[in-house]
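S.K.: how would this look folded up:
(chains A and B)
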Amino acid sequence: MLTTIEKIIHLKKVPLFENLTGELLVALSNISYEKEFKKNDIIFKQDIASYELYVIVSGKVEVFRENNAEKHTVHTFFSTEYFGEMALLEDMPRSLSAIAIEDTLCLVIPKEPFLDLMNEEPSIAIEIIKLLGKRLREVNLRLK
Amino acid sequence: MLKEYSEKLLQIYHQDWQKIVSLCILNFIVITITTFGISISTALFLKHVGINFLPQMYLVNGLLIFLSTFGLFMIANINRTELLIKLSMLFGITVLAIRVFIVFDVKFLYIMLYVLSSIIFWLFYTQFWSLAVDICNVREGKRIFSLVVCSGLLGGGTAGLLIQTLAKTIRTDNLLVLWSIMFFILSYFVKSKFSSSPHLKTDSGVTSQVTETITYFKESHIIKVLMANFLLYAVVIYFLDFQFNKIVNQTFTELDSLTSFYGTYSICFYTTTLFIQLIFANRILKYFGTGNVIVGFPVSLFIGFSALVIKFGYISALFAKFIRDVMGNSIIDSAYPLLYSPIKDKHRDNTLAFIEGVAIPAGTVLAGFLLIILKSTPGMYLTIFSLILSLLWLYCSVQLKYSYQSAFIQNIAEKTLPEIHQLPEHLTDLNKKRTLAILYDAIRDKNDKVSLFAISTLGKTKDTKALNPLISYLKENPPAVRRASIIKALGEIKETNSLLIVSRYLEDPESRVRANAVESLGEIGGSEVKDLIKPYINDKDSRVAINAGMILWKYGDKELGIKVLRELLSFPNEQTRIRAIYAMGQIDTEEVVTPLLEVSKEQNLRIRLEALKSLSKFNTEVAILRIIDAIEDTDRRIRQLALKTLIEKKGITGLLVKKLETANSKITEKIIEILANKHEQDEIILNHLKDEIKKVYQRIVWVKALSSEDRTDGLDLFISTLLIENRKKTDRILKLMSKIERVDILPLIIRRLKDKSADIQAEIVEILDSLQFKHIGIIKLLIPVLEETPKEEILKIANREFGLVQTYPREVYKEILKKENGEWFKGCVLHILGEKELDKFLQDMINYTKHNSEFLREMSLEAISKINIIRAKLIARGMLNDNSPQVKAFAKSISGVI
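M.R.: Just a heads-up that it's a prediction; the model follows:
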């Protein structure tokens, strides 16, 4: 089990949270909780609703899309990276599935308190907007 | 008209009708079926099997319900309405089959019928209320459920009437056929009305669901209290049931007479209950709240048992049963499903099933056992025992009341960023090896932000155990920014042993390292510090020189220290001046207040900000007055700094109150906020809040009036602005209330109000309604605003509390233009007047062309140009020399002057 300072240090390493003050990092560590996934555990499934952001403490996670029993890997995430942020911005089921490729420890941040944090610290919202912009650009390039 | 009258009488809202109608019809059918069945099967059982076997039946019922609960878990992913449809068909066929075979007079069939009627009652009751709680949120439930219960009571009364009328003519056995037909009717109705009802699809398997539920049950206090409550409830109810049936069985010796009596009893108690339910239940629930109403149930049983103790017999037994049935089927039935509202959505069904399927059956089984043991006990002693049980139940109900409230609060708290003002250094225990190891690694992290954060945290702990990791990293010659940060951290720890190490960095090539070394030496202290630092007042870098001046002042060389700082303050370089200002804030002398005051009025934002930061360290009246003035600064950061400083300063209330006398509305709001945070002058704050709530209601009255107008873009914008401003004001009122009341939940509620979820809004209102506040009046005024209260209701409150009356759009425009209202509102109104070409207001518009505000001058000219272009041109010519470039340009365009 991670101590508060471990959580805080780990969250500080995540680019999304690197500009947060110590006080906000403490608040963020208080709302997040640890979840362990064994290798090949499904973290969340496509088309099923769940409302958390995941920050990888250690391990590796792959997000993929399933179409007619075919699996298409979209991205692989490593330590200090985060995924699942779309669920925090919209009330829709997951568009992708996520699976732990190796034993993985995540910090899980639920939706409502995270949105509260975005209200307190708009830089987080700006970072997410930048990320969405980047993904949109990548999709446009692929379409071209 | 009739609908509106009904809504008023029944205390419901317009949007409730659809749900009321479908749930009422369903409950009518369900209760008709269950009452019908229980009456017939009980009569058949008592006459064909015997009263002495009733306790055994309680045991069997309890066990079967217990097993059925787990059966329900196994099929949890089945849609609830599908389940109701299938079960209704199954029961209908079963009852019909029993009717066929009953001619053989086999005792087992009567036992099976009795047990079946109990299972049916339990199953339909739990499934119906699960469906109802899914469809309605907690506030809708509070309004609607009492009416739904009424329809059930009508169903019960109808069942009673049917039994009373038909029992002696077509005989009790044949009533079973009628009973089976009712099941088929239910099946059809559910299929046609409820097929699209919400069903929470879970992805997890049965085992993980059960595990998750059990874990939740273990952690949830309200569930434990609910279980204890309903276990005792079942024991007490079955004790009463046994005694009542025993006495009644002795009184009515024939089967059909007994069945007829049950029918008559049902009519009487359902009719009485319906009357109470229609007229009083909603009001009682609203007035007393769910928690208090639940406590009333064991009280009613206590009264009933007391009557039995006083006079044991048919009349008192009837009275006890009657009072239990009336209470239980009216007010309690309305409040009961609300008890499950604070439970998490995905566990609610299971909780209801668990209470109905485990806790109550366990109580039933326990009652069965106890009654088997106490069967031969004289009735009076059994009643006294029941009385004691009801007292125990009363105690549990009181616990449930408090648990209910806490559960809502916990729900909100779990979903919300907490208002914790802790700093990482307060949570860092360097006695733990693991913590030290983590920070040891973190200061070496390749990410600068992580490293600097870890270094800073170590320094702020002021713990000497932080020295080793910091010094060992310093010896590895890290980059300059990290070196500087470590030196600063060593100064914060103030350990004299690090004096030598820090002094080595006085000659560091990097100026920021040297500057921090100087400052840290000053923090650490020692007799040699002054001599070490003195040469550095001439350092080529102003940062180092300033720090040296500051430290020298602290070590007694005040004249030299001040001289250095004053000189550097007048440097042309902004950065140097900022450092000098910072240093002045670190020295405790009023000599620097005057220069700081001067620079705090400069146009340069950074200088002004730093000056105010430094001034905030002083407690002189001039410094505080300057900070009070800074509340009106054009820069948000300065305003925030001023607010924060004034909240923290002690002994300044008099100055703040004096400022209130001359402040405009914006400044008044800020000062009130400061006073609230200081927990001072509650009287002033409360008066202000009452004014604010009045404004909220005033705006609602305006919106109601303006909504009757033909819509224009300007009007739409204005109405939406009024609503947004009202929401902001409501949040502000709650924030200030949280300071006065010192209730932690209120700030969390304000955060959750941002959610668009109707369920969360309902939970919030329920919490506000049930908490005890010192100034409850203000909260009660806010609740109708937060809820979806119909506008007519709000207008009544506005009139009753504030004397506000329904008005017309033109009166609204007049009021906004004439009285003190925000610039934006006036501008909107001027724009609307132009859109609607209301020449009645022409003179007001002309007056506004001379207003201080450039926005209002422009809006008024625009409005005039829409009503009377010639007049507008003339006025515009007079505005060609306006101070505002915007207004000037607009005036030019209107006047036609090139």
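
S.K.: tell me which residue is most central in chain A.
M.R.: A:Phe83 (2.5 Å; CA atoms, centre = their mean).

S.K.: wait, what's in contact with that residue?
M.R.: A:53-54, A:56, A:61, A:63, A:75, A:77, A:98 (CB atoms under 8 Å, 6 or more residues apart in numbering or on different chains). C-beta: built from backbone N, CA, C; applies to glycine.

S.K.: change it to 10 Å
M.R.: Applying CB atoms under 10 Å, 6 or more residues apart in numbering or on different chains to A:Phe83 gives the contacts A:43-44, A:53-56, A:61-63, A:75-77, A:96, A:98, A:106.

S.K.: tell me the most packed of the residues you listed, by neighbour count.
M.R.: A:Cys106 (27 neighbours; other CB atoms under 10 Å in any protein chain shown).

S.K.: Three-state assignment for it, please.
M.R.: strand (DSSP: H, G, I helix; E, B strand; the rest coil).

S.K.: chain B versus the closest residue to it other than its chain neighbours, what's the distance?
M.R.: Counting by CB to CB, 6 or more residues apart in numbering or on different chains, A:Tyr54 is the residue found nearest to A:Cys106 once chain neighbours are left out, at 4.6 Å. If you measure A:Tyr54 against chain B using CB to the nearest CB, to the nearest Å, the figure is 17 Å.

S.K.: my read: A:Tyr54 touches A:Glu81, true?
M.R.: Yes: between A:Tyr54 and A:Glu81 a contact is recorded at 9.3 Å, counting by CB atoms under 10 Å.

S.K.: need the overlap of contacts for the two.
M.R.: With CB under 10 Å, 6+ apart as the test, A:Tyr54 and A:Glu81 both reach A:Val61.

S.K.: what's the local residue count around the nearest residue to B:Leu147 once chain neighbours are set aside?
M.R.: Nearest non-adjacent residue to B:Leu147, counting by CB to CB, 6+ apart: B:Ile20, 5.7 Å away. Using other CB under 10 Å, B:Ile20 has 19 neighbouring residues.

S.K.: going by distance to chain B, which of the contacts of A:Phe83 wins?
M.R.: Nearest to chain B among the contacts of A:Phe83 is A:Phe44, at 9.1 Å by CB to the nearest CB.

S.K.: does the worst-scoring helix or strand of chain A on mean pLDDT reach chain B?
M.R.: Between all helices and strands in chain A, the lowest mean by mean pLDDT, DSSP states H and E belongs to helix A:86-89, at a mean of 78. No: applying CB under 10 Å from any CB of the partner chain, one finds helix A:86-89 separated from chain B by no less than 12.6 Å.

S.K.: pull the distance from that helix to the chain's centre.
M.R.: Relative to the centre of its chain, helix A:86-89 is centred 10 Å away, using CA atoms, centre = their mean, to the nearest Å.

S.K.: what residues of it count as buried?
M.R.: Using 16 or more other CB atoms under 10 Å in any protein chain shown as the test for burial, helix A:86-89 gives A:87-88.

S.K.: ok, stretch B:373-385 next?
M.R.: B:382-383.

S.K.: pLDDT of it, averaged?
M.R.: Mean pLDDT, stretch B:373-385: 86.

S.K.: quick check, B:Thr364 in a helix?
M.R.: Yes: the assignment for B:Thr364 by three-state DSSP puts it in a helix.

S.K.: dump the residue contacts of the closest residue to chain A within chain B.
M.R.: Proximity of chain B to chain A (CB to the nearest CB) peaks at B:Leu417, 3.6 Å away. By CB under 10 Å, 6+ apart, the contact list for B:Leu417 reads A:24, A:27-28, A:30-31, A:112-120, B:747-748, B:751.

S.K.: please redo it, this time with the cut-off set to 7 Å
M.R.: A:27, A:31, A:113, A:116-117, B:751 (CB atoms under 7 Å, 6 or more residues apart in numbering or on different chains).

S.K.: the stretch 701-850 of chain B against chain A: which residues are in contact?
M.R.: B:751, B:755 (CB under 7 Å from any CB of the partner chain).

S.K.: repeat the analysis, applying 6 Å as the threshold.
M.R.: Residues of the stretch 701-850 of chain B found near chain A (CB under 6 Å from any CB of the partner chain) are B:Arg751.

S.K.: distance check, the residue nearest to the centre of chain A against A:Asp103.
M.R.: In this view, A:Phe83 and A:Asp103 are 17 Å apart by CB to CB, to the nearest Å.

S.K.: can you give me the strands for chain A?
M.R.: Taking DSSP state E as the criterion, chain A contains strands spanning A:33-37, A:42-44, A:52-58, A:61-67, A:70-77, A:82-83, A:97-100, A:104-110.

S.K.: isn't the residue nearest to B:Leu147 up against B:Ser146?
M.R.: No: counting by CB atoms under 6 Å, B:Ser146 is not a contact partner of B:Ile20; they are 10.4 Å apart.
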